[in-house]
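Asks: Give me a 3D structure for the following:
(one chain, ligands or ions: 1)
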Amino acid sequence: MKTVVSLQEMQNSALRWRREGKRIGLVPTMGSLHEGHLSLITRCREQVDIVVVSVFVNPIQFGPQEDFASYPRDLERDATLAEKAGADYIFAPSDQEMYPPDFVSLVKVEKLTERLCGASRPGHFQGVTTVVAKLFNLVQPDVAVFGAKDYQQAAVIRRMVRDLAFPVEIVVAPIVREVNGLAKSSRNQYLSREERAEALILYQSLRFAESLIRGGERQAADIKASMTEMIDSVERSRIDYIEIVHPESLEPVEVITGDVVIALAVFIGKTRLIDNLLVHVAPSS
Ligand code: AMP
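Replies: Alright, predicted model coming up:
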């Protein structure tokens, strides 16, 4: 396994692999790898000849009050874990080379980015789509694998790829959870032992909402009210949003008549966590 830092070297290698007829896969990450990331690498390995894992804590997707500076970084550990999961290359560019002082080009997906995380993190998705577009140009992937953990991000990237005709297949892999249901996240490291126990409320409230739907409840407002009550009962929780949306348009649903995604962002102490659940609902039920 090799670690590439230089943008030029990454792109030259990728263009050479393409000329040799090799299929390239990309797994974009911000590092601090955990089993969620590793599942994406395993999935990518099955589909391509060369697996590139990018490790880049992308400064332009963080707001000024967010955790860019404190975000956990450990490239050596990431390289060991990525290799075990089947990666061939780590691409770990520097902030300076990715964003030189005269960098002024941005990629923006409208509409889909207005709600959910887009509403509470202005500029976040523009940072994500800009870096992903740049990574696509540098790594030239045939396939790129993302996690359903960041449901809105995956939907936004799919739309960018469609709208701008990137020749990349987007694969979205399921959320990897701890046995207790907590979605794996690099930010779980910020949680104290007590907060980690409280953080279980995210998934518990999603499963509770699902059970209400299975029981025949169709009013999104009532479901959200029940979830709010449940989450508010946890001492250190603060709800950022709870939304019930259409799986593709991400438009809010008032009366549930088909599949929906229940998505939420909740602060546990100072740590903002996200989770979501796709609930299949037969159209006639
Ligand atoms: P991040 O390093 O947090 O930017 O995540 C990089 C990729 O890993 C994104 O596509 C995430 O959706 C995905 N990912 C993060 N956590 C999980 C998880 N628990 N299960 C599946 N995919 C995940």
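
Asks: contacts and neighbour counts: CA atoms only from here.
Replies: OK.

Asks: Leu191 against Thr271, yeah?
Replies: Yes - between Leu191 and Thr271 there is a contact under Cα atoms under 8 Å: 7.0 Å.

Asks: of those two, who's got more company?
Replies: Thr271 (19 against 16; other Cα atoms under 10 Å).

Asks: wait, that one sits on Ser186?
Replies: No - counting by Cα under 8 Å, Thr271 does not reach Ser186; the two are 11.0 Å apart.

Asks: How about the residues of the stretch 151-285 of the chain by the ligand?
Replies: Proximity of the stretch 151-285 of the chain to the ligand, by Cα under 6 Å from any ligand atom, involves residues 174-177, 183-185.

Asks: Quick one: buried ones out of those?
Replies: By neighbour count, with 16 or more other Cα atoms under 10 Å, these hold 175-176, 183-185 as buried.

Asks: Would you map out the domains in this protein?
Replies: Domain ranges of the chain: 2-173, 186-279, per automatic domain parsing.

Asks: and the shortest one, how far apart are its ends?
Replies: One end of domain 186-279 to the other measures 25 Å (Cα to Cα, to the nearest Å).

Asks: in the stretch 151-285 of the chain, which spans are helices?
Replies: Under the criterion DSSP state H, counting those that start in this stretch, the stretch 151-285 of the chain contains helices at 151-163, 193-198, 200-214, 220-232.

Asks: Other residues contacting the second one?
Replies: Residues outside helix 193-198 that contact it (Cα atoms under 8 Å, 6 or more residues apart in numbering) are 188, 234-237, 268-269.

Asks: Neighbour-wise, which one of the residues you listed leads?
Replies: Of all those, the highest neighbour tally under other Cα under 10 Å goes to Ile268, namely 25 neighbours.

Asks: what's the closest residue to that one other than its chain neighbours in contact with, if anything?
Replies: Among residues not flanking Ile268 along the chain, Ser237 sits closest, at 4.6 Å (Cα to Cα, 6 or more residues apart in numbering). By Cα under 8 Å, 6+ apart, the residues touching Ser237 are 198, 231, 266-269.

Asks: cutoff 10 Å now
Replies: 195, 198-199, 201-202, 231, 266-272 (Cα atoms under 10 Å, 6 or more residues apart in numbering).

Asks: count of residues packed around Asp74?
Replies: Neighbours of Asp74 (other Cα under 10 Å): 11.

Asks: Between all of the buried ones among the residues of the stretch 151-285 of the chain next to the ligand, which two are separated the most?
Replies: Greatest spatial distance in those: Ile175 and Ser185, 10.1 Å, computed using Cα to Cα.

Asks: Give me the phi and psi for the residue positioned nearest the centre of the chain.
Replies: Centroid check for the chain by Cα atoms, centre = their mean gives Asp150 as the closest residue, at 3.1 Å. In terms of degrees, to the nearest 10, the main-chain angles of Asp150 are phi -100, psi 70.

Asks: Over to Thr130?
Replies: Torsion angles, degrees, to the nearest 10, at Thr130: phi -70, psi -50.

Asks: How about the contacts made by it?
Replies: 58, 60-61, 105-109, 136.
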